[in-house]
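Undergrad: no sequence on this one, just coordinates:
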């Protein structure tokens, strides 16, 4: 049954038991609702009546775990979900929590979302309650900032009139855009936080959180998953050195000084990166400078740097100097994620290199480095595919890469649509396309080629196209369209997936446009016949 935008589901029984009475208004001041995060102080997990709290989550699976954990800690809860069915959040059944849960399904359209408070007034009795609203970012994508502000004001009034509390959990690619917008809505939100996966743990960052004792702001917790429940980690300082008496030392591979001798007694040079890494295992706060000659060194260098950062702590200053063209955008991200403080590019002069080293003095590395290097390598490296892919496969691969929360937002790559010149068929243009780098994909729809260039920046697009096509791109294509933001790419890929043309190699042969009469009147195809020519001399010599 539907009441306006809301589809009402009957109360679902989690397990056979007598329903618990919901606390009434007479003891309303003592009511509090909890997120259920383990080993976290109450001020950061309790939610007060008539409050609206919002948590953004990058991955859907993490949002699901958080929602189930919250449900399990309540005596009573009303569950609303869009576009996912609310029943799916309760499979398997929670081991604790309320005995019955009213379920509401909201259609995925802006009007249903804007009318939520009115529909809830018609569907729910006027009494205090806790509502959990589980949503995808796509549900909010088409809501204008003015409409969002009006929606929050209306929901705030609705909750205050019923002394109820609402927790909104939103997941999906692009949720960081929503989070940035919500940070300006502090007048209408009692709490805002963000849950982010970091390979081996989760970073829970709290912008602000109100409870009956006051408000806490700007907090960060590291969580781990124990028995399908988020719990705060008992994290000690990451191998902080007891002494920093080597902070003035420079340990470097000899090639980074371009053949020059040690610049002072504080400098120690080594023949290769292996010897340097071995010596750096005894350092605490020294500056360690690796030499990068070739792209084949990336994996080994990443392992050495990861080991140093995990074992020697955040005081060590690690630098990589590129001596030959070797680094791709994805390689830079990998080295930075493994613990590098700075990467000096190939075109940097010696004076600029030394200035960079001076600027690192006194700094500490504050980013989290996962313990498992293999997980980090898998998440940071581009797709292990390249070249032509059928349309469906192309869309699936691009969507999976854009959904990678480890890669920076709006920096995962470029989607490019190219239209060939009239003299060139799309099939012919496709034969000129030879992607050599993993993560560079191509497909065809109609008269256009679509390229996805993984980890390619917009200012490098012309250079990338020159490497991919055998002829100058300006001579092959008349125009091009470029999408570089994650949401733009996802929107275009969804439209591409809804089109019917297949890949060019699977396309049926072109149908003849002539009429049957014209086809019948067409002259038969001539068959070549062998003819022997004899000269007069040949005739005279003939027997």
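TA: Sure thing, it's come through. This is a predicted model, so every value here is computed, not measured.
Undergrad: domains of the protein?
TA: The record's domain split for the chain, according to automatic domain parsing, is 2-231, 250-377, 383-504.
Undergrad: Report the residue spans of the stretch 401-543 of the chain with pLDDT below the cut-off.
TA: For the stretch 401-543 of the chain, the stretches with pLDDT under 70 are 499-527, 531, 533-543.
Undergrad: residue boundaries of the helices in it?
TA: With DSSP state H, counting those that start in this stretch, the ranges of helices along the stretch 401-543 of the chain come out as 426-431, 461-468, 473-476, 486-497, 516-521, 536-541.
Undergrad: would JSON lines of those with distance to residue 213 and mean neighbour count be doable?
TA: (C-beta placed from N, C-alpha, C; glycine too.) Converted to JSON lines, these look like this (distance: least, C-beta to C-beta, whole Å; neighbours: other C-beta atoms under 10 Å):
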{"stretch": "helix 426-431", "distance to residue 213": "65", "mean neighbour count": "16"}
{"stretch": "helix 461-468", "distance to residue 213": "53", "mean neighbour count": "15"}
{"stretch": "helix 473-476", "distance to residue 213": "62", "mean neighbour count": "15"}
{"stretch": "helix 486-497", "distance to residue 213": "38", "mean neighbour count": "17"}
{"stretch": "helix 516-521", "distance to residue 213": "87", "mean neighbour count": "9"}
{"stretch": "helix 536-541", "distance to residue 213": "117", "mean neighbour count": "8"}
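Undergrad: rewinding a little: how about the domains of the chain, which one is nearest residue 528?
TA: Among those, domain 383-504 comes nearest to residue 528, with 28.5 Å by C-beta to C-beta.
Undergrad: Distance from that closest one to the middle of the chain?
TA: Here domain 383-504 is found 19 Å from its chain centre; the criterion is C-alpha atoms, centre = their mean, to the nearest Å.
Undergrad: Can you say which of the helices of the stretch 401-543 of the chain is nearest to residue 173?
TA: So among the helices of the stretch 401-543 of the chain, helix 486-497 is nearest, using C-beta to C-beta, at 5.8 Å.
Undergrad: Residues contacting the closest one, please?
TA: For helix 486-497, contacts defined as C-beta atoms under 8 Å, 6 or more residues apart in numbering pick out 141, 173-174, 177, 391-392, 394-395, 398-399, 402, 409-410, 412-413, 415, 445, 450, 452, 483.
Undergrad: hang on, the earlier thing: would you turn the domains of the chain into TSV with distance to residue 532?
TA: Putting the domains of the chain into TSV (distance: least, C-beta to C-beta, whole Å) gives the following:
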stretch	distance to residue 532
domain 2-231	74
domain 250-377	63
domain 383-504	41
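Undergrad: I'd like to know which of those domains lies nearest to residue 529.
TA: domain 383-504 (34.2 Å).
Undergrad: From residue 224, how far off is residue 186?
TA: Residue 186 is 29 Å from residue 224, where distance means C-beta to C-beta, to the nearest Å.
Undergrad: Residue 35 now?
TA: If you measure residue 35 against residue 224 using C-beta to C-beta, the figure is 15 Å.
Undergrad: Looking at the two, which is more packed in?
TA: Neighbour tally, residue 35 and residue 224, criterion other C-beta atoms under 10 Å: the higher count belongs to residue 35, 22 against 16.
Undergrad: Skipping its backbone neighbours, what lies nearest that one in space?
TA: residue 45 (4.3 Å; C-beta to C-beta, 6 or more residues apart in numbering).
Undergrad: residues in contact with the one you found?
TA: The contact partners of residue 45, by C-beta under 8 Å, 6+ apart, come to 34-37.
Undergrad: Could you turn the buried ones of the contacts of helix 486-497 into a PyMOL selection?
TA: To isolate the buried members of the contacts of helix 486-497 in PyMOL, using 16 or more other C-beta atoms under 10 Å:
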select buried, resi 173+174+177+391+394+395+398+402+409+412+413+415+445+450+452+483
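Undergrad: lowest average confidence, helix or strand, in the protein?
TA: strand 2-3 (a mean of 36; mean pLDDT, DSSP states H and E).
Undergrad: pLDDT at the residue nearest to residue 35, what is it?
TA: Note for residue 45: predicted pLDDT of 92.
Undergrad: next one: the one 4 residues further on
TA: Here, the pLDDT recorded for residue 49 equals 89.
Undergrad: what helix or strand does it sit in?
TA: If you go by DSSP states H and E, residue 49 is not part of any helix or strand.
Undergrad: isn't it right up against residue 127?
TA: No: counting by C-beta atoms under 8 Å, residue 49 sits too far from residue 127 to count as a contact (11.7 Å).
Undergrad: Have a look at those two and say which one is more surrounded.
TA: Neighbour totals were compared for residue 49 and residue 127, and residue 49 leads with 21 against 11 (other C-beta under 10 Å).
Undergrad: And that one, how far from residue 32?
TA: As for residue 49, its distance to residue 32 is 8 Å (criterion: C-beta to C-beta).
Undergrad: now do residue 58
TA: Look at residue 58 and residue 32: by C-beta to C-beta, they are 28 Å apart.
Undergrad: who's more crowded, the two?
TA: The residue with more neighbours, out of residue 58 and residue 32, is residue 58; 24 against 15, by other C-beta under 10 Å.
Undergrad: which residues touch that one?
TA: Going by C-beta under 8 Å, 6+ apart, residue 58 touches 171, 173, 175-176, 195-197, 405.
Undergrad: Excluding chain neighbours, what is closest to residue 269?
TA: residue 254 (4.1 Å).
Undergrad: List the residues that contact that neighbour.
TA: When contacts are counted by C-beta under 8 Å, 6+ apart, residue 254 touches 269-271, 291.
Undergrad: so who does the closest residue to residue 171 other than its chain neighbours touch?
TA: Ranked by C-beta to C-beta, 6+ apart and with sequence neighbours excluded, the top spatial neighbour of residue 171 is residue 63, at 3.7 Å. Applying C-beta under 8 Å, 6+ apart to residue 63 gives the contacts 57, 134, 169-171, 195.
Undergrad: let's go with 6 Å and repeat that
TA: For residue 63, the contact set (C-beta atoms under 6 Å, 6 or more residues apart in numbering) comprises 57, 169, 171.
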